[in-house]
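Trainee: Here's my sequence, what's the structure:
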Amino acid sequence: MKTFVFFLLFSGFLLGSCTNPASTTPPPPVILDPTTLPPAPSLPATNVQCLWNSSQTYPDLPFTTDTTNLADVTVAGKVLKLLTLASTQTLTFSPALNASGMTYLHLSYWTSLGNDLSIDLTNATTDTFSTPGAVVTFGDLNKNQWTDLEVPVPAVFDLSTLQKITFTNEAQAGSKNYGSSATFYLDNVYLHNYPSTSTELSSTGDPWYGGNLVWDDEFNGNSINPANWTYDLGGGGWGNNELETYTTTNASIQTVPDGNNLVSCLVITAQRDASGNWTSSRLNTQGLQNFTYGKIEARIKLPYGNGMWPAFWMLGSNLKQVGWPNCGETDILEMIGGNGSPSPGTQLSDSTVYGTIHWYNSSSVYPYASFQPEKFSLSTGKFADAFHTFGIIWNSTSITYYIDGKPTASVTPDKTTGSTFQQPFFLILNLAVGGDWPGPPNSSTVSPQTMDVDWVRVYQ
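Mentor: Now for the predicted structure:
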C-alpha cells in the first residue's frame with residue numbers, strides 16, 4: 001500500500017519485531033522485563049525527526065507527562081517510558097514542532113498482555129487523524145516481544161505545528177480487564193518519511209503478481225478520485241428487492257486498522273437510521289476506466305451479519321446500448337452474510353463467498369443464464385476478521401477465480417455466451433442490504449457495517 005504522499009505501491013505494513021524471552025524475575029509490581037531492547041534506528045537526520053529514544057544516539061526532544069500514574073523504568077541500563085493500565089503518556093512540544101514532510105509515526109512497544117493502545121496527534125489547529133478528537137486504536141497487539149509499529153500520518157494532518165503525541169493504555173471491560181499488569185513499554189518514537197516495508201511480495205504486486213500494472217486505485221489522499229469512480233444513486237430495489245438507498249455520503253477514504261498497522265481504504269458504510277431505513281454506497285468506473293482481459297483484483301475486508309450483501313463485480317461497457325443481461329456480468333466476489341436459510345437452497349454465511357457470471361441466453365427459462373463456478377469457505381473465522389485478496393484472471397477463453405493468490409475455480413465461456421466476455425467491462429464496488437438472495441437484516445444485524453477496500457488493481 002503506498003503512503004499518503006509516496007507514489008510507490010505498498011500493501012499493508014510489515015511489523016519488524018525482535019522476539020525476546022520474558023524474564024523470570026520481573027520488576028515490581030507485576031510487569032515482566034523486556035531485557036533486550038530494540039536497536040536504535042540508523043537513519044539519516046534529513047529523513048527522521050526523533051521524538052524520544054532511550055539509547056541517546058540522536059538528539060531527543062522533550063518528553064513530558066500530563067497524568068500522575070506514570071513512571072520511567074530502567075531496563076538493561078536504559079530508560080524506557082511506561083504506560084500502566086488506563087494511563088496516558090504524552091510527548092509535548094513547546095514551541096510546536098515543525099515536522100513537515102514526515103509521513104509515518106514509528107514506535108517500538110513491548111507488552112506482556114496485549115492490551116489496547118491508542119495514539120492521538122495534536123497540532124495548532126486540530127486534533128485528528130480523520131475527524132476532530134479521533135484516535136487510532138490498535139488491539140490484540142503482539143505480546144512478550146519488541147514490535148515496531150508504523151502509523152501512516154494522513155496528508156490532511158498538518159505536521160508543521162505539531163504540539164503533542166498522546167499514547168493511552170486503554171482500559172477494557174469484562175473478560176479483557178487486565179488489571180494493573182497490563183503495562184506497555186515504549187521506545188524509539190520518531191517521525192520519518194521512509195516508505196514502510198511492504199507485506200506484499202512486490203511493491204507493485206501481490207502474492208500472484210505477474211504482468212504489467214496498467215491501472216490501480218490505492219485509495220490514498222483525502223477523497224475518492226473522480227477520475228476513477230462515479231456513483232449509482234437512489235433506491236427502488238435495484239432489480240433484486242434490495243432495501244438500501246445509495247448515496248454519495250456513505251463512501252469515504254479512511255484509515256482502517258490492519259493487524260497492528262493502519263491502511264488507507266475506501267470505506268463503504270451501510271447504516272440504518274432511526275426509522276429503520278438503510279443507506280449505503282455503490283461506486284463504479286463506467287465511462288472512466290474500462291478493461292478487456294487481465295488480472296483484476298481487490299484487497300477487501302468484508303462486513304458481517306444477516307442482510308449484508310457486499311460485491312466486487314463487473315458489467316459490460318455496452319450496458320447503456322444493449323442493457324442487462326446482454327452486456328454480461330462477472331461477479332468477482334459476493335457474500336450473503338449472517339446465518340440461516342432465507343430461501344430453499346440458500347445458506348447464509350459470513351465465511352463463504354461466491355463468484356458468478358451472467359449473460360443473455362434466449363433458450364433459457366429466464367432471459368438470462370447464470371453459472372456459479374466459485375463457492376469458497378474459510379476453514380475458520382469470517383471474512384470480516386481480516387483483509388483478503390479477491391480476483392480473477394480473465395482472457396478470451398477462461399475466467400479463473402482467486403482468493404489470497406490461490407485459484408479456487410474456473411469457467412470457460414462457450415458458444416452460449418458468444419462474445420459477451422470478449423469485450424470491455426467496467427468495475428463496481430457496493431454494499432447492498434437485503435434483497436431476494438440474502439434476505440433482510442434481522443434483530444442480530446449490527447449497524448453500521450463497513451466494506452473496507454484497501455486497493456483495486458488491474459494487470460495485463
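Trainee: Please make it C-alpha for all contacts and neighbour counts, starting now.
Mentor: OK.
Trainee: Leu191 pairs with what?
Mentor: Gln49, Leu105 (DSSP bridges).
Trainee: any idea how far it is from Ser100?
Mentor: With distances taken as CA to CA, to the nearest Å, Leu191 is found 10 Å from Ser100.
Trainee: Over to Val256?
Mentor: To Ser100, Val256 is 23 Å away according to CA to CA.
Trainee: More neighbours: the two, which one.
Mentor: Set Val256 next to Ser100 and count neighbours by other CA atoms under 10 Å: Val256 wins out with 19 against 14.
Trainee: what helix or strand is that one on?
Mentor: When elements are assigned from DSSP states H and E, Val256 belongs to strand 251-258.
Trainee: Same check on Gln89?
Mentor: Following DSSP H and E, one finds Gln89 within strand 88-97.
Trainee: With Lys320 instead?
Mentor: helix 319-322.
Trainee: got the buried residues for that helix?
Mentor: Neighbour counts over helix 319-322 (16 or more other CA atoms under 10 Å) mark Leu319 as buried.
Trainee: so how far is it from its chain's centroid?
Mentor: 34 Å (CA atoms, centre = their mean, to the nearest Å).
Trainee: Not counting its own residues, what contacts that helix?
Mentor: Identification of contacts with helix 319-322 by CA atoms under 8 Å, 6 or more residues apart in numbering yields Asn326, Cys327.
Trainee: pLDDT (mean, whole number) over it?
Mentor: Helix 319-322 shows a mean pLDDT of 95.
Trainee: Neighbouring strands - and their directions - for the following helix or strand past it?
Mentor: Counting by DSSP H and E, the element after helix 319-322 in chain order, helix or strand, is strand 329-334. Strand 329-334 pairs in its sheet with strand 308-316 (antiparallel), strand 352-360 (antiparallel), by DSSP bridges.
Trainee: Pull out the buried positions in stretch 145-162.
Mentor: Neighbour counts over stretch 145-162 (16+ other CA under 10 Å) mark 145-155, 157-159, 161-162 as buried.
Trainee: Can you measure across that stretch, start residue to end residue?
Mentor: End-to-end span of stretch 145-162 (CA to CA): 30 Å.
Trainee: Please apply the same query to stretch 230-238.
Mentor: One end of stretch 230-238 sits 17 Å from the other (CA to CA).
Trainee: May I see the buried residues of that stretch?
Mentor: By neighbour count on 16+ other CA under 10 Å, the buried set for stretch 230-238 is Thr230, Tyr231, Gly234, Gly235, Gly237.
Trainee: what's it in contact with?
Mentor: 242-248, 281-286, 435.
Trainee: Please pick the buried ones from these.
Mentor: Neighbour-count burial (16+ other CA under 10 Å) applied to those gives 242-248, 281-286, 435.
Trainee: Just the closest of those to Gly305, please.
Mentor: Comparing these against Gly305 with CA to CA places Gly435 closest, at 13.8 Å.
Trainee: how near is the closest residue to the closest one other than its chain neighbours to Asn284?
Mentor: Among residues not flanking Gly435 along the chain, Glu242 sits closest, at 4.0 Å (CA to CA, 6 or more residues apart in numbering). Going from Glu242 to Asn284 by CA to CA gives 18 Å.
Trainee: circling back: off-centre distance for the strand holding Val256?
Mentor: Worked out by CA atoms, centre = their mean, strand 251-258 lies 6 Å from the chain centre.
Trainee: And for stretch 104-115?
Mentor: Computed by CA atoms, centre = their mean, the chain-centroid distance of stretch 104-115 equals 20 Å.
Trainee: Just the mean pLDDT for it, thanks.
Mentor: The model assigns stretch 104-115 a mean pLDDT of 75.
Trainee: can I get the CA coordinates of that stretch in PDB?
Mentor: The C-alpha trace of stretch 104-115 is given here as PDB (Å, rounded to 0.1, in the frame of the first residue of the first chain):
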ATOM      1  CA  TYR A 104       5.000   7.900   9.300                       C
ATOM      2  CA  LEU A 105       5.000   7.800  13.100                       C
ATOM      3  CA  HIS A 106       7.100   4.900  14.400                       C
ATOM      4  CA  LEU A 107       7.400   3.500  17.900                       C
ATOM      5  CA  SER A 108       8.600   0.300  19.400                       C
ATOM      6  CA  TYR A 109       6.400  -1.300  22.100                       C
ATOM      7  CA  TRP A 110       6.600  -4.300  24.500                       C
ATOM      8  CA  THR A 111       3.600  -5.600  26.500                       C
ATOM      9  CA  SER A 112       3.000  -8.800  28.400                       C
ATOM     10  CA  LEU A 113      -0.700  -9.000  27.900                       C
ATOM     11  CA  GLY A 114      -1.500  -7.500  24.500                       C
ATOM     12  CA  ASN A 115      -3.800  -4.700  25.800                       C
END
